[in-house]
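> this is a predicted model, with the sequence first.
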Amino acid sequence: MRYISTRGQAAPRDFEAVLLAGLAEDGGLFVPAEWPVLTPAEWRAMRGLSYPALAARILTLFGAGDMPIGRICEEAYAGFGHPAVVPLVQLDRRSFALELFHGPTLAFKDMAMQVLGRMFDHVLDKRGERVTIVGATSGDTGSAAIEACRDRAAVDIVILHPEGRTSDVQRRQMTTVLAPNVKNIAVHGDFDACQDLVKAMFNDAPFRSEMHLSAVNSINWARIAAQIPYYVSAALAFGAPDREVAFSVPTGNFGNVLAAWAARRMGLPISHLIIGSNRNDILARFLAANDMSAQPVEPSLSPSMDIQVSSNFERLLFELLGRDGAATAGTMTRFRAEGRMPVPDSAWREATRLFSGFTLDDAGTLTEIRHLWTSTGYLADPHTAVGTAAARALAPADPAIPVIVAATAHPAKFPDAVERATGIRPPLPARLGDLYDREERFSVLPNDLGAIEAAVRAHARRNAA
Ligand SMILES: Cc1ncc(COP(=O)(O)O)c(C=O)c1O
Ligand SMILES: N[C@@H](CCOP(=O)(O)O)C(=O)O
């Protein structure tokens, strides 16, 4: 399997090289040169596989088979808190929660990150190399990445989070990990600023090569690849490939729903992809009226989705534009310069045939958490609640199609919102019971590339010494 850049100017790579590279050197994102497409018989043959075996099977299709991928997946999911890894919970007659938060940091990011940490170990050990991972987080990627990379011999990791804009639990999950290879930086700015800083570090060629930068955000294709298996697992459980399913995905950076799109591109019968947004609803506005215009990021009760520039949209755009790298590069450059993405009408119409978007503000989110609790006894986190409300509002007309909602975080990560809605303060699992007593360690820096690069360099040098 070879990978090409969405901007058409980077040399094709294999899976291992894409894992290490993160962002392509032309500023684009890596995508498979050709999509693997499975026959109905091949999908059916996956029924009954354990989740780790299914994940290994999918990742092999994307070129990860040169690694000991079976062992990596077994180990990655061994510590999850549910025997099914990704259990399905019925919410009402036709909607179901696909719980993706049974990993160590209680959010769906663990699903891929536990695999990526082990992949990095394997590849770096084999090559005798060392990398510096830089990542941006609105709250969940950071803790999952730190948990997956802490104490790994060949990895230094620096995570940027927007100062004061995560939940306390999210921040503490990052800043209380005192492993020497981990550094947390709170940036004066929002998530988009953090993500821009990460991309700017990658686009600074001398710095990138000096530091051997790697990425754990979903700009890294390996993240998307490792998020595809749970869509496959859920669809198979409902009878795919012999029955259609729909997914509702609370969305920010567009990585999770892009993984669902990829599963469909591989031949899984997914009839609809419903995108749930909080008040930062650039994607919903795009789908409603081809209005992809970035506005200032506003804090919400679902802080992990407080994002306006959804990185992975570029991968979908590339497909909508007929895999034309020059057109994708031009569109992205104009978006960056003008804050508005000029998507051709035909491409927008094609997107709306599959995707639909729904916006839920904070009041609606609290109402939805309360409604779920009183009507079904299900305690949802605010992100998941955006997804369940979207599922109800935009369910496909055909009642035979089940709607599967990606339940992306454990309610205990957002106890204030859940308590406001239901009066119940969900407790953290026992292993995190002392989170509020642990020492926190992080730096606070301005939104300034020079300052951030200096901090990354100092961190990497200290650990190399
Ligand atoms: C809990 C939670 N839900 C939803 C999202 C949005 O997912 P994505 O950024 O892949 O669209 C995030 C952040 O990524 C998250 O942490
Ligand atoms: N919501 C995310 C934002 C980063 O998303 P990613 O999927 O690109 O890593 C977070 O929690 O940090």
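It's in. Ligands and ions are numbered 1, 2, ... in the order given.

> what does the stretch 301-450 of the chain put close to ligand 1?
Selection of the stretch 301-450 of the chain residues close to ligand 1 by C-beta under 6 Å from any ligand atom yields S304, M305, H383, T408, A409. In this view, the C-beta of every residue, glycine as well, is placed from N, C-alpha and C.

> mind checking the SS state of the first one?
Looking back up the chat, that one is S304. Under DSSP: H, G, I helix; E, B strand; the rest coil, the three-state class of S304 is helix.

> got a list of what the residue of the stretch 101-250 of the chain found nearest ligand 1 touches?
In the stretch 101-250 of the chain, the residue found nearest to ligand 1 is D140; the distance is 3.3 Å by C-beta to the nearest ligand atom. Taking C-beta atoms under 8 Å, 6 or more residues apart in numbering, we find D140 in contact with T105, A107, F108, K109, Q170, S304, T408, A409, K413.

> which ones among the residues of the stretch 301-450 of the chain next to ligand 1 come in contact with ligand 2?
S304.

> skipping adjacent residues, who's closest to N181 in space?
Nearest residue to N181 in three dimensions, chain neighbours excluded: D156, at 5.0 Å (C-beta to C-beta, 6 or more residues apart in numbering).

> doesn't that neighbour fall inside a helix?
No. In this structure, D156 is strand, not part of a helix, as judged by three-state DSSP.

> could you measure from it over to A385?
36 Å (C-beta to C-beta, to the nearest Å).

> looking at those two, which is more packed in?
Neighbour comparison, D156 and A385: the larger count goes to A385, with 35 against 25 (by other C-beta atoms under 10 Å).

> check contacts around the closest residue to the more buried one other than its chain neighbours.
Once flanking residues are discounted, A385 sits nearest to E368: 4.1 Å by C-beta to C-beta, 6+ apart. Contact analysis of E368 by C-beta under 8 Å, 6+ apart lists L360, A380, A385, V386, T388, A389.

> from the residues you listed, which ones fall inside helices?
Counting by DSSP state H, the contacts of E368 place A385, V386, T388, A389 in helices.

> before we move on, back to that, find the nearest non-adjacent residue to the residue of the stretch 101-250 of the chain closest to ligand 1, please.
Closest to D140 by C-beta to C-beta, 6+ apart is A107, at 3.9 Å.

> what sits against the one you found?
L100, F101, D140, S143, A144, S304, T408, A409, H410, K413.

> equivalent analysis for L213, please.
So L213 contacts G22, V131, T132, I133, V134, M201, F202, F207 (C-beta under 8 Å, 6+ apart).

> so which of these are in strands?
The strands in this structure, assigned by DSSP state E, contain V131, T132, I133, V134 from the contacts of L213.

> with distance to R57, pLDDT and neighbour count added, can I get those in JSON lines?
Shown next, in JSON lines, are these (distance: C-beta to C-beta, whole Å; pLDDT from 0 to 100; neighbours: other C-beta atoms under 10 Å):
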{"residue": "V131", "distance to R57": "27", "pLDDT": "97", "neighbour count": "24"}
{"residue": "T132", "distance to R57": "32", "pLDDT": "98", "neighbour count": "24"}
{"residue": "I133", "distance to R57": "27", "pLDDT": "98", "neighbour count": "30"}
{"residue": "V134", "distance to R57": "31", "pLDDT": "98", "neighbour count": "32"}
